[in-house]
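In: The following block contains a protein sequence and its predicted model.
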Amino acid sequence: MKRPPEKFEVLSGDAGCYVPRMEIAPPIIAPVPSAPLIEVAGLTKLYGDFPAVTDLSFSVRPGEVIGLVGPNGAGKTTTLRCLSGIIPMTRGSVRICGRDMASDPIEAKRRLAFFSDEPRLFDYLTVNQHLNFTARIYGIANYQEIGRALLEELEMADKTDKLPGELSRGMKQKLAIACGLLHSPEVIFFDEPLTGLDPIGIRRMKDSILKRGRAGAAILISSHLLHLLEEVCSHVLILKNGRKIIDGSLADVRQRFSEQSGDNTLEEVFFRATGESKDAP
Amino acid sequence: MIAGALLYYQRHWWHNRLLTRLRRLRQPKYLLGAIVGGLYFYWYIFRAFGRAGRGARFSPEHQDIAQAIAALVLLIMVVLAWILPHSRAALAFTEAEVAFLFPAPIGRKTLIHFKLLKSQSVILFSALFVTIIGRSWGGGSFITRALGWWVVFSTLNLHSLGSSFARTMLLDRGISNWLRRILVLGVICLLAGGTVFWLYNTMPPPPPIAEGTENSAWLNRYAAQILQAGPVPYLLFPFRLVVAPSFATNAGQFLIALGPALLVMGLLYWWVIRSNVAFEEASVELSRRTAERIASIRSGNWQARKPKKGRRNPFKMAPAGHPAVALLWKNLISAGNLVTARVWMFLLWILIFGGFMLRSQTQGEAHLGQALAFLALILTALSLFWGPQMLRNDLRLDLPATDVLKMFPMPGWQVVLGEVLAPAAMLAGLQWLLLLLAVILFPNRFDNYSVTLGQRLDIALAAALVLPCVDLVAMLIPNAAVLFFPAWFHLGKDAPRGFETTGQQLILMFGQLSVLALSLLPAAALSVVLFLLTNHFFSTGLSVLPAAAGAAAVLLIEAGLAIRLLGGVFERFDLSGEVLQTG
């Protein structure tokens, strides 16, 4: 097996992937009194015999925004789909706001929202009908009031009778967000939320994420846009080959991977943590 | 060099497509589908291949009329190509072809040649198909008839392309679609009017039908008179040239007919190649629309196209209440504006009004009303078979959006119930209307039996009670198939095609019928028992009501159990290997 560089150690069971050897005490993070809204313990997802996610554990507290990063095929989307209850996990447990996803999925799902990279809308429902439909599913009595406010915030109040086919990519994304936020979720999962958005859309999406985070939501964002994650995330979780390489606050993770160089951007941390080469072949 | 590349692409497209099809036969689902699909096609189509050339032939007299009629059909198709289309010239390319070929250093003539070459596969298949199907239409050998049809289809293809270019040129010169249609229709009306005028003034009147003469013989003689004299042969002349090879009775005749037909083809080819029309932009749009439509159809939405404008709410849905109603509401919207309460009330009114009008006017001549009543009853019975096949706005439509459904905070049984409610409700509504029509129009006496309005109402009420329950069970069967055998339901634009998928559909259809028959047995048994018991105390008409109530109860219990079972399956449903991409 290849020897790891000096001051680095091989991550258990993953040859070629190194983490800095802990020679100094990690920074002490002040304990947060509130209970985690997302608790993941030993999450494993197998596709046949192939392990897409292996023994993943972490937790997210109110107000924390976690960036889920990793190379293609690392298991980010699978993780998010297991956490949202879209696909069943093979082993482990997921608790959303204290509700177990396996034994109490209805109450767990009632408290979360999942936004996929491609907005998933019904072609034949208008914007208003989407809101009405979502309101009935989640039982939101005052949906018209909340929906109107959301549409105004998302600058699409004049599009209420439009079909998804008549909306731009960004507008579709906004509609998906309006539907997802209608029931005021405490836990929000974003899978590549910035895909296909223009600069203004990206800015608004970032603001919206920060706003929800400040309001106390626990947010998990999967994205390849590391510099953008740096702007919105308080924490980061790096995956490779379905396994967790590291997680913690952004400052903590930066500190752990910045011993040999002054460059401590999330991008640099990502390359060091995953053992990927930054230089194009 | 470019032509070589395009030929390379075509060759390998076919080669890889064939290999993929053969490789997937290793999976039992495709192998089974291939066997059933193969048997089906053999039985209905290829079995005819062995008999090709041995079918009945037209007599020489009929042969000439048939050729003239074929030429007339071709004339109509050509005229329609100038009237119906409204879009600009667009060559049908796939999205990948657009992405690779359009930015490549390829001239438009080469693109047209590529398109013509590519269309040959469809033309050859169509020619073969029509030759087999129409084995008794003409004389000659299988080869000459197949080549003849190839000439017809290739000529039509060239004309279609040329006319689309010409229409675009007219649009570019400020001649709108409507003006073009008016001009073309004007010319057609002039020609048709002139022909009719000529026929009226010069042709002898139709020969009288001699006593004992068959209508077809009389009609043949008169048609021959019209098609073989006067201006009609001149009008049909170029079209007859094109169809002549497919009607040749021997090789010599075929070769003689082939020359002029190829000349027409050559002229059309020259017209197409010489037309200097920009088709690229419209082709890009067409390829996008085609890809969307294919994806939609293969995802189970046979209505295919995305709606262009919002549809009315089928009913006002309150935000609080049973969440399964939201799925019913959504799926009714997906069915279009035809399922609004207003439309159903309108249909109901029309049926009642029209039915009673018809009944009152046909008191003496009851045949039409009786025929319509029987037709309504037959359609009601058939709807149990075609309803679940046609009305697919349930899990079959929503299968690609399973991840969205799985996210809803609803137990699985509610999702399944909500999904099947819309098609079951639509089918039941349709059946009720048909029953109503049958009640109104069914004669008071049938086959020496008196069938009073009261009896008809009793039986119709019983049927109206049972049918929605049967529909619910019938709709649950294909939805169960989706959940138990998701791999058999094809999703997205890369979904497989071919006769093995036809075979799979046949297996599913057979399964649907078998399971439905089995699930109806307990209800049928109970209803017979109840009918026999109550018939001692009530009239026959009244006895059907408790029998129907019993049957409905059994069916509802079955449906409830099935919904519970399928709900559990839905909750454990893991489509990750089928439709979801993994990150």
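Out: All right, it came through fine.
In: And the residue of chain A that's closest to chain B?
Out: Nearest to chain B, among the residues of chain A, is residue A:77, at 2.5 Å (Cβ to the nearest Cβ). No exception for glycine: its C-beta is placed from N, CA and C like everyone else's.
In: That residue and residue A:222 touch, don't they?
Out: Yes - applying Cβ atoms under 8 Å, one finds residue A:77 in contact with residue A:222, separated by 6.6 Å.
In: Next, the contact list for residue 232, please.
Out: Chain wasn't specified; assuming chain A. Going by Cβ atoms under 8 Å, 6 or more residues apart in numbering or on different chains, residue A:232 touches A:65, A:67, A:206, A:209-210, A:213, A:221.
In: oops, chain B please
Out: B:68, B:195, B:226.
In: could you dump the residues you listed to TSV with distance to chain A, secondary structure and neighbour count?
Out: Formatted as TSV, the contacts of residue B:232 follow (distance: Cβ to the nearest Cβ, whole Å; DSSP: H, G, I helix; E, B strand; the rest coil; neighbours: other Cβ atoms under 10 Å in any protein chain shown):
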residue	distance to chain A	secondary structure	neighbour count
B:68	47	helix	21
B:195	47	helix	16
B:226	50	helix	16
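In: ok, these vs residue B:553, which is closest?
Out: Checking the contacts of residue B:232 against residue B:553 by Cβ to Cβ gives residue B:68 as the nearest, at 63.8 Å.
In: Excluding sequence neighbours, find me the nearest residue to the closest one.
Out: residue B:227 (4.0 Å; Cβ to Cβ, 6 or more residues apart in numbering or on different chains).
In: and the strand or helix carrying residue B:405, anywhere near chain A?
Out: For residue B:405, the host element (DSSP states H and E) is helix B:402-407. Yes - using Cβ under 8 Å from any Cβ of the partner chain, helix B:402-407 comes into contact with chain A via B:403-404, B:406-407.
In: try stretch B:313-331
Out: Yes - Stretch B:313-331 reaches chain A (Cβ under 8 Å from any Cβ) through B:313, B:317-321, B:323, B:325-326, B:329-330.
In: What are the boundaries of the strands in the stretch 101-250 of chain A?
Out: Applying DSSP state E, counting those that start in this stretch to the stretch 101-250 of chain A gives strands spanning A:112-115, A:187-191, A:218-222, A:235-240, A:243-249.
In: Kindly report the same for the stretch 51-200 of chain B.
Out: According to DSSP E, counting those that start in this stretch, the stretch 51-200 of chain B contains no strands.
In: mind listing the helices in it by residue range?
Out: B:60-83, B:95-101, B:108-133, B:142-172, B:177-202 (DSSP state H, counting those that start in this stretch).
In: And the first one, what's buried?
Out: So the one you mean is helix B:60-83. B:63-68, B:70-72, B:74-75, B:78-79, B:81-82 (16 or more other Cβ atoms under 10 Å in any protein chain shown).
In: Out of those, which is nearest to residue B:567?
Out: residue B:81 (52.5 Å).
In: List only buried entries from the contacts of residue A:232.
Out: For the contacts of residue A:232, buried by 16+ other Cβ under 10 Å: A:65, A:67, A:206, A:209-210, A:213, A:221.
In: Export those as TSV, with columns for pLDDT and distance to chain B.
Out: Below are the buried ones among the contacts of residue A:232 laid out as TSV (pLDDT from 0 to 100; distance: Cβ to the nearest Cβ, whole Å):
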residue	pLDDT	distance to chain B
A:65	94	19
A:67	93	14
A:206	87	21
A:209	89	19
A:210	91	24
A:213	90	21
A:221	94	13
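In: now those residues as TSV including distance to residue B:148?
Out: Formatted as TSV, those follow (distance: Cβ to Cβ, whole Å):
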residue	distance to residue B:148
A:65	72
A:67	68
A:206	67
A:209	68
A:210	72
A:213	73
A:221	65
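In: In helices only, show me those residues.
Out: A:206, A:209-210, A:213 (DSSP state H).
In: where do the helices sit along the stretch 1-150 of chain A?
Out: A:76-83, A:105-110, A:127-138, A:143-153.
In: May I see those helices organised as a markdown table, with mean pLDDT and mean neighbour count added?
Out: Converted to a markdown table, the helices of the stretch 1-150 of chain A look like this (pLDDT from 0 to 100; neighbours: other Cβ atoms under 10 Å in any protein chain shown):
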| stretch | mean pLDDT | mean neighbour count |
| --- | --- | --- |
| helix A:76-83 | 92 | 26 |
| helix A:105-110 | 93 | 20 |
| helix A:127-138 | 93 | 23 |
| helix A:143-153 | 91 | 17 |
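In: list the contacts for the residue nearest to residue A:169 when sequence neighbours are not counted?
Out: Nearest non-adjacent residue to residue A:169, counting by Cβ to Cβ, 6+ apart: residue A:196, 4.5 Å away. Residues near residue A:196 by Cβ under 8 Å, 6+ apart: A:169-170, A:173.
In: Just the buried ones from these?
Out: A:170, A:173.
In: Can you tell me the SS state at residue B:314?
Out: coil (DSSP: H, G, I helix; E, B strand; the rest coil).
In: and it, how many neighbours does it have?
Out: Residue B:314 has 25 neighbours, counted by other Cβ atoms under 10 Å in any protein chain shown.
In: and the closest residue to it other than its chain neighbours, how far is that from residue B:318?
Out: Excluding the flanking residues, the one nearest residue B:314 by Cβ to Cβ, 6+ apart is residue B:332, at 3.9 Å. Remark: distance between residue B:332 and residue B:318 (Cβ to Cβ, to the nearest Å) = 15 Å.
In: the more surrounded of those two?
Out: residue B:332 (23 against 11).
In: Could you double-check that that one lies in contact with residue B:341?
Out: No - the criterion here is Cβ under 8 Å, and residue B:332 misses it with residue B:341 at 10.1 Å.
In: what touches both of these two?
Out: In contact with both residue B:332 and residue B:341: B:314-315, using Cβ under 8 Å, 6+ apart.
In: What parts of the stretch 301-450 of chain B come near chain A?
Out: B:306-311, B:313, B:317-321, B:323, B:325-326, B:329-330, B:333-334, B:401, B:403-404, B:406-411.
In: give me the residue from the stretch 351-500 of chain B nearest chain A.
Out: Counting by Cβ to the nearest Cβ, the stretch 351-500 of chain B gets nearest chain A through residue B:409, at 4.0 Å.
In: Isn't that residue up against residue A:104?
Out: No - using Cβ under 8 Å, residue B:409 is not in contact with residue A:104, being 10.3 Å away.
In: of these two, who's got more company?
Out: residue B:409 (19 against 14).
In: Now the more buried one, what are its backbone angles?
Out: phi -80, psi 70 (degrees, to the nearest 10).
In: Residue A:110: what's it in contact with?
Out: A:138, A:183, B:409.
In: Can you lay out those residues as JSON lines showing distance to residue B:469?
Out: As requested, those are exported to JSON lines (distance: Cβ to Cβ, whole Å):
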{"residue": "A:138", "distance to residue B:469": "31"}
{"residue": "A:183", "distance to residue B:469": "35"}
{"residue": "B:409", "distance to residue B:469": "29"}
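In: Residue B:354: which of the residues you listed is nearest?
Out: Checking the contacts of residue A:110 against residue B:354 by Cβ to Cβ gives residue A:138 as the nearest, at 44.7 Å.
In: For that closest one, give its distance to residue B:175.
Out: 55 Å.
In: Can you give me the neighbour number for residue A:156?
Out: 19.
In: quick one: low-confidence ranges for chain A?
Out: Residue ranges of chain A with pLDDT under 70: A:1-33, A:258-263, A:276-281.
In: Distance of the nearest residue to residue B:406 once chain neighbours are set aside relative to residue A:191?
Out: Nearest residue to residue B:406, sequence neighbours excluded (Cβ to Cβ, 6+ apart): residue A:86, at 4.6 Å. Residue A:86 sits at a distance of 11 Å from residue A:191 (criterion: Cβ to Cβ).
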